[in-house]
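# after the sequence you'll find the predicted model.
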Amino acid sequence: MNKGLSKLGLDVHVFVFNNDVFEDCYGVVPYIKEPEVCYRSKPRIGLAISHRSISNVRILSELNGREYSLVLYDESMRKLYSVDGRLKHLSNPLLPEVVIDSRALPHKLPEARYARLVIGSIAEDLELPPQVRVYGRITDFHGRPRKGYVQLVSPYGFPVGGAIVRVGEDGRYELYAPKAIYHHAFICDGGYGRNTLEFYGWNVPIEPPEFRLDARFDKIEIYRLSAMETPERTLMIHFVAWDIAYTSGILKTIYESKGGIDIKDICGLDILTPLRKSDVEVYLGEQKLEVRTMRKIEYTIKNYGVTCSTKAYLLEAKIPSSLPRGKYPLRLVAHTVINGVKEWGEA
């Protein structure tokens, strides 16, 4: 097999997303960041070239603008599809440094197993990541099924597309996605920004043979969820909570007073959903943790091009001594009542 790019200290990733074709749009909510609430889906192929060490970054920048040819093959090396394109080097504080391209496919290619990438005189042969069944059930916080959409976005943080599927009337869904750690799973419906906000799952490890993701969404969005274990066997958990009744109300007021809204408008504002320690539940695997402290902190949004800070929550939760060491999914649930409106959210 040709390994021209591997010998240069680079890794090549090719992702085939065998999505259905649909486009469901629900209108504009002017005070949120999306210009229109739309869920668009079609089969796609994503190409990403990443570096293994800092010393290889220069090579990535040299690939910017280079033409390439990419061919997909089945198990018997029968040619299935080919695409020609031009590489784009991305250097953005929100992303890993990478060279990418992404194209729509005319149809699904579930039988694709191998790929050959050619850039000038350099060739790289690779086996595609296996397609993994992802399934589950989406509900509200009373166990009632919710229609909507499930998206797995940006494998390994590379902005080359993702997998998406509609959720059925019974709340159940199934999709197939390339093996990867996805930057996030996004689950919501057409009421986004008006009546509902999304479920986020961060750093989602999609591994064979299958992965189950059950989720709930309502009126609170828990964003930026991350955690660190301390030497005292506790977790320090950082998160941002936004909601419909409070946060969206502030954003709507800003929009109506200024005739527009920008990320700079939240500088210095406290638009966090008002939460008390008793409003938050933390689970490590199936084990509920004791939340010991919770307070507001500031964090910078400089990576978005704005030199200012905004608010987040930081809580400390106890890891039970009975829980053996290992890797566990972390789930955070928030619930509150604002102006008589019951709101829930989880991530």
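Here it is on my side, so go on.

# what's in contact with stretch 108-116?
With contacts defined as C-beta atoms under 8 Å, 6 or more residues apart in numbering, stretch 108-116 is touched by 2, 14, 16, 18-19, 43, 70-75, 77, 80-81, 123-128, 131, 176. C-beta here means a position set from N, CA and C on the backbone, and glycine is covered the same way.

# if we go to 6 Å?
Applying C-beta atoms under 6 Å, 6 or more residues apart in numbering, the contact partners of stretch 108-116 are 14, 16, 18, 43, 71-75, 80, 125-128.

# do the same with stretch 269-277
Here stretch 269-277 makes contact (C-beta under 6 Å, 6+ apart) with 220, 241, 243, 246-247, 250, 291, 294, 311, 334, 336.

# quick one: which of the residues you listed is nearest residue 170?
Nearest to residue 170 among the contacts of stretch 269-277, counting by C-beta to C-beta, is residue 220 at 24.1 Å.

# per-residue confidence for that closest one?
Here, the pLDDT recorded for residue 220 equals 98.

# from residue 119, how far off is it?
Distance, residue 220 to residue 119, using C-beta to C-beta, to the nearest Å: 46 Å.

# what's the answer for residue 301, then?
Separation of residue 301 from residue 119 (C-beta to C-beta): 36 Å.

# neighbour count winner among those two?
Using other C-beta atoms under 10 Å as the criterion, residue 301 and residue 119 rank with residue 119 on top: 19 against 15.

# of the contacts of stretch 108-116, grab the buried ones for ChimeraX.
Selection of buried members from the contacts of stretch 108-116 for ChimeraX, criterion 16 or more other C-beta atoms under 10 Å:
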select :14,16,18,43,71,72,73,125,126,128
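
# possible to save the contacts of stretch 108-116 as TSV with distance to residue 158, secondary structure and pLDDT?
Below are those laid out as TSV (distance: C-beta to C-beta, whole Å; DSSP: H, G, I helix; E, B strand; the rest coil; pLDDT from 0 to 100):
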residue	distance to residue 158	secondary structure	pLDDT
14	11	strand	99
16	14	strand	99
18	18	coil	99
43	18	coil	99
71	20	strand	98
72	18	strand	99
73	22	strand	99
74	24	coil	98
75	25	coil	97
80	22	strand	98
125	20	strand	97
126	15	strand	97
127	18	strand	98
128	15	coil	99
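
# farthest pair in the contacts of stretch 108-116?
Largest separation among the contacts of stretch 108-116 by C-beta to C-beta: 43 and 125, giving 22.6 Å.

# show me this protein divided up by domain.
6-127, 222-347 (automatic domain parsing).
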